[in-house]
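J.: no sequence for this one, just the structure:
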């Protein structure tokens, strides 16, 4: 029974972060695929707006964060994405704790020192 109570409490804290679909940079902005991606992202945003526990993370990435094919993230793009996800989680936790008990002190995750 104790496990059931614990799992129920965890489900109440459940947060869902959805990431929009990123346009394909190897295609024209006006291509059929990129137009469908924009339509899909708008529909998802409308649906998510109704749900309190779901956050839609915008992906205003640049071409420089992708591999040559324009579809996958390169090393700097993966670093950028992981930082954006972590920052979003901290922001959500801060919002939740401001409504509840205490505030999470770190707004952004600590950064690793860069190699020379």
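T.: Thanks, I have the structure now. A quick note: this is a predicted structure, and the numbers were derived from the prediction, not measured.

J.: can you map out the strands along the chain?
T.: 16-19, 54-57 (DSSP state E).

J.: how about the ones you listed in CSV, adding distance to residue 96 and mean pLDDT?
T.: The way it works is simple: take the backbone N, C-alpha and C, and place the C-beta from them, glycine included. Shown next, in CSV, are the strands of the chain (distance: least, CB to CB, whole Å; pLDDT from 0 to 100):
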stretch, distance to residue 96, mean pLDDT
strand 16-19, 13, 82
strand 54-57, 11, 82
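
J.: Deepest-packed of the ones you listed, please.
T.: Among the strands of the chain, strand 54-57 has the highest mean neighbour count (mean count of other CB atoms under 10 Å), at a mean of 16.

J.: Turn the strands of the chain into JSON lines, columns for distance to residue 40.
T.: Below are the strands of the chain laid out as JSON lines (distance: least, CB to CB, whole Å):
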{"stretch": "strand 16-19", "distance to residue 40": "11"}
{"stretch": "strand 54-57", "distance to residue 40": "12"}
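
J.: Those strands: which one's closest to residue 71?
T.: Taking CB to CB, strand 16-19 is the member of the strands of the chain nearest to residue 71, at 15.0 Å.

J.: what helices or strands is the closest one leaning on?
T.: strand 54-57, helix 75-99 (3 or more CB pairs under 8 Å, 6 or more residues apart in numbering; DSSP states H and E).

J.: What pairs with it, parallel or antiparallel?
T.: Strand 16-19 sits in its sheet next to strand 54-57 (parallel), going by DSSP bridges.

J.: which residues touch the strand it pairs with?
T.: 15-20, 44-45, 48, 84-85, 88, 92 (CB atoms under 8 Å, 6 or more residues apart in numbering).

J.: List the residues that contact the residue lying closest to residue 22 once chain neighbours are set aside.
T.: Leaving aside its sequence neighbours, residue 22 sits nearest to residue 59 (CB to CB, 6 or more residues apart in numbering; 5.0 Å). Taking CB under 8 Å, 6+ apart, we find residue 59 in contact with 19, 20, 22, 81, 84.

J.: Many thanks, have a good one.
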